[in-house]
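S.K.: What follows is a predicted protein model with its sequence.
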Amino acid sequence: MSDSNSILEEWEGLKELVNSLELDVHKNANGNKSAGVRARRGLRQLKNDAGTLVKLTLAVEKTSD
């Protein structure tokens, strides 16, 4: 049960990160270069966190077999 909780916690973290990036992405689309730097940094973090979630789900599936 704790494995599924950790998966859900990681998923919630990803959703919060996406929500926090939205404003910077919009600002960057309107020409704000600093917002673009923040958005790209956040997107790199999102990529890393998504990879962590994938590894976590694979580990849970492997242990449940």
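M.R.: Looks like it arrived, so ask away.

S.K.: Give me the number of neighbouring residues for residue 21.
M.R.: Other residues lying near residue 21 total 20 when counted by other Cβ atoms under 10 Å. C-beta: built from backbone N, CA, C; applies to glycine.

S.K.: show me the contacts for it.
M.R.: Residues in contact with residue 21 (Cβ atoms under 8 Å, 6 or more residues apart in numbering) are 39, 42-43, 46.

S.K.: Determine the longest helix present in this protein.
M.R.: Counting by DSSP state H, the longest helix found in the chain is helix 33-64.

S.K.: Check which helices and strands it is in contact with.
M.R.: The contact analysis (3 or more Cβ pairs under 8 Å, 6 or more residues apart in numbering; DSSP states H and E) places helix 33-64 against helix 2-29.

S.K.: okay, the angle between the helix it packs on and helix 33-64?
M.R.: Angle between the axes of helix 2-29 and helix 33-64 is 160 degrees (criterion: axes from the mean of the first three to the mean of the last three Cα atoms, to 10 degrees).
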